[in-house]
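# Let's see this in three dimensions:
(chains A and B, ligands or ions: 2)
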Amino acid sequence: MNFQLAPDRASNFAGQYDALFYTFSAFAVFFTIAVFVMVVTFVTKYRRGKKANRANPIHHNSLLEAIFMGVPTIIALTMFVFSAKLFVDMRTPPKNSYEVFVIGKQWMWHLQHPNGIRENNELHVPVGQPVKLTMISQDVIHGFFIPDYRVQYQVVPGRYTQLWFTPTKPGKFNLFCTIHCGTQHSEMGGYVYAMEPKDFAEWQATGGNRFKERPKNLADAGKQLYEELLCNNCHMEKDNPRAPSLYGIFQSKRKMTDGTVVEADENYIRESIVNPYNRLNAGYGNQMPIYEYKKQISEEQIRMLLEYIKTLGSAPAPVTTPAPTARGNAAGGQS
Amino acid sequence: MSAVATQVSHQEKNYLNDENTIKSWLLTKDHKRIAVMYLVAISIFFLAGSIAAGMIRLELVSPRGAFLTNDAYNRTFTAHGVIMIFLFLLVGIPAVFGNFLVPLMIGAKDLAFPRLNLVSLYLFFTGAAFALLALIFGGVDTGWTFYTPYSSMYSNSQVALVLVGAFILGFSSIATGVNFIVTIHKMRAPGMTWFRLPLYIWSHYATSIIIILGTPVVAITLLLVVLERVFHLGVFSPELGGDPVLFQHLFWFYSHPAVYIMILPAMGVVSEVIACFSRNSIFGYKFVAMSSMAIALLGFFVWGHHMFISSQSMYQGLVFSLITFLIAVPSAVKVFNWSLTMYKGSVWLASPMIFALGFMGLFVIGGLTGVYLGSIGTDVHLTGTYFIVAHFHYVMVGGTVMGFLAALHFWWPKMFGKMYNESMAKVSAVLVFIGFNVTFFPQFIVGYLGMPRRYHYYYLNPDFQIWNIASSFGSTVLALGFLLPVIYLTKSLKSGAPAGPNPWGATGLEWEVESPPTKHNFHEIPVVTGLVYDYNSEADEAAWEEEEREMEHVTRGGQH
Ligand SMILES: [Cu+2]
Ligand SMILES: [Cu+2]
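Ligands and ions are numbered 1, 2, ... in the order given. From the prediction side, this is the model:
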């Protein structure tokens, strides 16, 4: 049990965050003292039985009221600008981020690295490299929180959320779940290990994998699954009566039966797999089989499929047909 | 202030002893008796909620708990939250002091719909019974926020029962809200114009508007959770095609304004008490009145600040944050105006005033720490931690409970006609203030350090322990502070000195009738000719000095 007053500053956001936090604190202390001094002065000066000048008390003063409203408004708006800037930064992960996939489930964190390494309740990250977490829950809402990094975000079932940070110093840091999720909520945590890039590379190469058979990278694992589940029976290179092509689908515009156009982001593709009839592609009916969630297809597997689908139609093409044409067809065929 | 001075006759029966059968109490339509029954009920609930709080504090002394299992702990903090919020804070001031005072303060013989008022009391009892049944059958483990899909699909506890209870409690509140609004519109005494209303009435008017606009939304939402739980209606669970975050929107759409349902009446109390014990008209009357209305209105546009990190869009979050910053302004206006009310006043530090000043101190800290949370960037690290727990306890306990205690001490002589032990009351006020700060200030620090709320164990970071020990220690002092009034107030009923109609020398119509008032409040409906806060500190000071001199005379005479 140590006497600790402030969390460590271990990510790119920590400095900026604390600057704001302590500025707010300075204002808070200032106003608390101001009110305190005002109250104590009036109470002692005008205490009943004490001689004081009580003639002509004032009961309203428009200028004072304007100051009471004006000053807090100006301070509040200034604070808002800085606070908003910090938040926008926190919500905008850089393009070159190292992406880790996070699944929350009662009551553990499961993490998958792009090269196939998986870990539970531990997250290894390289210092100095932006890390982006794409997160989803398999059951109830959880909250992913690393206090020393000043980052927190809810992990929601049915939709991907994200969070990013750049670790700035090596060390071991707490990881907590912050949304009450049942019996062992308070034990659903672990540690983040930030490592120097060369240590991290070594970890990736050797010690990283706690699991016996080491999977290939996520996309490869996805390809295997894609074939096992017979997705490729219907989804082929080109649109056909059985199913639309999935080549080049990621981030393209898809047209639905009701005429709306949707961008195929990760959430859209995930939904197309777990809940295919919710939004149907124009020209198709309820044909795609339902893969029963958590029984036939887990959240981890959905992620693998998704990573694989993202690679479809982009170089290097997994099939012999020239990729660019396929991509053009897929996109064109929908509009 | 009223043209017709009310005759005071001590022989007359009052509302308490008018008819003394059990039936006359249970079927009463008298707003004052209904208020007293609410007071008894919510005091019992407050005790129950406090016992749960004590168990929580005991568990948290050690990083691995003391005597509860995880499940039992989760049920304990849920019981604490549900009881304190739904059965104490939301009803506390409105149902007890609102019921008692709204007709008296505006010069009416009762509320507009006395029968509806009784219905609302019984709805409250019914809702509370459901909540208690849920407790008896094993409790609920979702937290008072009932987040889906945990509450609707995963929790193995009595969620449905407690939600049906909350649904019924909602109707009780709506009935009270409607009653107050109609009463304030229609039953004011001649001459009691809107801008002569006591500020306490303004705050209830604002509160009632929030209640009738917000409560139906949360009632339906909670019912949808029950339907999803029981019939698998897919509204919130993604596995059934629903949206879990939708629940948060609907829940906070009510539950943010609900914060103001709890705090506005307390602010009204503080305005009355500070004016009375400063012997001064409230500074900036119109601004204080209108700030209540501004808070009620703006309060409906900030719910998203509970959801900055819940996957709502970034731009949505920014707008909610901006509006939240603005809602801080009317609260600041109130604090400054209260302080200035003491300027050139004649400040009498009687126990209600000490509670009111305590309210100010704690509310200022609660409000200012709210800025950290309404500010979207700083909220990211603090939401979901003990910082938020500390913040809302400063507002809810420091604000609402302090306001409640100020009201209780201020109007107790009016309600029961007896004075309590004033020095004990002062001790209680000081103990509550100190105990409160020792309990909750450490939680700001441990929250900033990163301790999540609703954590039974914190062995993942044992450094949290020292702050938790401090907090648990503080809670024992706080408990003592809360226990004292139970003792001396109950005692006053038996052996307290008679209060007389106006022991504090306060203005306001309620002080012109007997204590306790008669069944029909006023013998003649008063006619109002000026603003309620008709105080004159200079004259009062002179009169008081005179009295003091006489007193001295008497005591010296007695000694010889
Ligand atoms: Cu959790
Ligand atoms: Cu809020």
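# Is the closest residue to A:D8 other than its chain neighbours in a helix, a strand, or coil?
Sequence neighbours aside, A:D148 is the residue nearest to A:D8 in space, at 4.1 Å (criterion: Cβ to Cβ, 6 or more residues apart in numbering or on different chains). No exception for glycine: its C-beta is placed from N, CA and C like everyone else's. Classification of A:D148 using DSSP: H, G, I helix; E, B strand; the rest coil returns helix.
# Tell me if I'm right that A:D148 and A:S11 touch.
Yes: the pair A:D148 / A:S11 is scored as a contact, 7.2 Å apart, by Cβ atoms under 8 Å.
# Looking at those two now, which is surrounded by more residues?
A:S11 (26 against 23; other Cβ atoms under 10 Å in any protein chain shown).
# do you know how far the residue of chain A most remote from its centre is from A:A76?
Using Cα atoms, centre = their mean, the residue of chain A lying farthest from its centre is A:K51. It sits 63.3 Å away. Distance, A:K51 to A:A76, by Cβ to Cβ, to the nearest Å: 41 Å.
# Repeat that for B:S375.
B:S375 is 9 Å from A:A76, where distance means Cβ to Cβ.
# For A:F101, identify the helix or strand it belongs to.
For A:F101, the host element (DSSP states H and E) is strand A:98-105.
# same check, this time on A:H124
strand A:122-126.
# That strand: which residues count as buried?
For strand A:122-126, a neighbour-count test (16 or more other Cβ atoms under 10 Å in any protein chain shown) marks A:L123, A:H124, A:V125, A:P126 as buried.
# after that strand, next one along is what?
Using DSSP H and E, the helix or strand that follows strand A:122-126 in sequence is strand A:131-137.
# and the residue lying closest to B:G366 once chain neighbours are set aside, what is it in contact with?
Nearest residue to B:G366, sequence neighbours excluded (Cβ to Cβ, 6+ apart): B:Y394, at 3.1 Å. Listed by Cβ atoms under 8 Å, 6 or more residues apart in numbering or on different chains, the contact partners of B:Y394 are B:L362, B:F363, B:I365, B:G366, B:T369, B:F440.
# Quick check, pLDDT for the last one.
Meaning B:F440. Here, the pLDDT recorded for B:F440 equals 97.
# Spell out the secondary structure type for the residue farthest from the centre of chain A.
Using three-state DSSP, the structure places A:K51 in coil.
# contacting residues around it?
With contacts defined as Cβ under 8 Å, 6+ apart, A:K51 has no neighbours.
# which residues touch the closest residue to B:H520 other than its chain neighbours?
The shortest distance from B:H520 to any non-neighbouring residue, by Cβ to Cβ, 6+ apart, is to B:K109 (4.9 Å). Taking Cβ under 8 Å, 6+ apart, we find B:K109 in contact with B:P103, B:H520, B:N521, B:F522, B:I525.
# swap in B:F88?
Going by Cβ under 8 Å, 6+ apart, the list of residues near B:F88 reads B:I42, B:F45, B:F46, B:G49.
# Relative to A:P94, which of these is nearest.
B:G49 (47.7 Å; Cβ to Cβ).
# Am I right that that closest one falls within a helix?
Yes: assigned with three-state DSSP, B:G49 falls within a helix.
# Measure how buried it is and give me the count.
B:G49 has 21 neighbours, counted by other Cβ under 10 Å.
# if I read this right, it contacts B:L89, doesn't it?
No: using Cβ under 8 Å, B:G49 is not in contact with B:L89, being 9.3 Å away.
# mind checking how far A:I103 is from A:E299?
Taking Cβ to Cβ, one finds A:I103 at 5 Å from A:E299.
# Have a look at those two and say which one is more surrounded.
Comparing A:I103 with A:E299 by other Cβ under 10 Å, the one with more neighbours is A:I103, at 23 against 20.
# Local confidence estimate at the residue nearest to the more buried one when sequence neighbours are not counted?
Once flanking residues are discounted, A:I103 sits nearest to A:H110: 4.4 Å by Cβ to Cβ, 6+ apart. We have a pLDDT of 91 for A:H110.
# ok, back up a step: redo the buried residues of strand A:122-126 as JSON lines? Include pLDDT and distance to ligand 1.
Converted to JSON lines, the buried residues of strand A:122-126 look like this (pLDDT from 0 to 100; distance: Cβ to the ion, whole Å):
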{"residue": "A:L123", "pLDDT": "94", "distance to ligand 1": "16"}
{"residue": "A:H124", "pLDDT": "93", "distance to ligand 1": "22"}
{"residue": "A:V125", "pLDDT": "95", "distance to ligand 1": "21"}
{"residue": "A:P126", "pLDDT": "96", "distance to ligand 1": "27"}
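# between those, which is nearest chain B?
Of all the buried residues of strand A:122-126, chain B sits closest to A:L123, with 14.0 Å by Cβ to the nearest Cβ.
# Tell me if I'm right that the closest one and A:M195 touch.
No: A:L123 lies out of contact with A:M195 (Cβ under 8 Å); the separation is 10.9 Å.
# Farthest pair within the contacts of B:Y394?
The largest separation in those, counting by Cβ to Cβ, is between B:F363 and B:F440 at 12.8 Å.
# hang on, the earlier thing: in a strand, that's where the residue nearest to B:H520 is, yeah?
No: applying three-state DSSP, one finds B:K109 to be coil, outside a strand.
# Please name the bridge partners of the most centrally placed residue in chain A.
When Cα atoms, centre = their mean is applied to chain A, the residue found nearest the centroid is A:Q162 (1.7 Å). Beta bridges link A:Q162 to A:T134 when assigned by DSSP bridges.
# OK, contacts around B:I201?
B:V102, B:M105, B:I106, B:I184, B:G268.
# export the residues you listed to CSV and tack on secondary structure, neighbour count and pLDDT?
CSV is the format used below for the contacts of B:I201 (DSSP: H, G, I helix; E, B strand; the rest coil; neighbours: other Cβ atoms under 10 Å in any protein chain shown; pLDDT from 0 to 100):
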residue, secondary structure, neighbour count, pLDDT
B:V102, helix, 29, 96
B:M105, helix, 24, 95
B:I106, helix, 22, 94
B:I184, helix, 24, 96
B:G268, helix, 30, 95
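# okay, these in CSV with distance to chain A next?
Formatted as CSV, the contacts of B:I201 follow (distance: Cβ to the nearest Cβ, whole Å):
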residue, distance to chain A
B:V102, 25
B:M105, 20
B:I106, 22
B:I184, 23
B:G268, 18
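# Could you dump those into TSV and include distance to A:Q154?
Formatted as TSV, the contacts of B:I201 follow (distance: Cβ to Cβ, whole Å):
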residue	distance to A:Q154
B:V102	42
B:M105	45
B:I106	46
B:I184	41
B:G268	36
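# so which of the residues you listed would you say is closest to B:W544?
B:M105 (25.1 Å).
# what residue lies at the spatial centre of chain B?
B:T400 (3.7 Å).
# For ligand 1, see how far away that residue is.
29 Å (Cβ to the ion, to the nearest Å).
# got it, and B:T142?
B:T142 is 12 Å from ligand 1, by Cβ to the ion.
# what about that residue, neighbour count?
Counted with other Cβ under 10 Å, B:T142 comes out at 27.
# Now do the same for it: its pLDDT.
Confidence score, pLDDT, at B:T142: 94.
# contacting residues for it?
Contacts of B:T142 by Cβ under 8 Å, 6+ apart are A:H180, B:T78, B:Y150, B:S151, B:S155, B:S157, B:V159.
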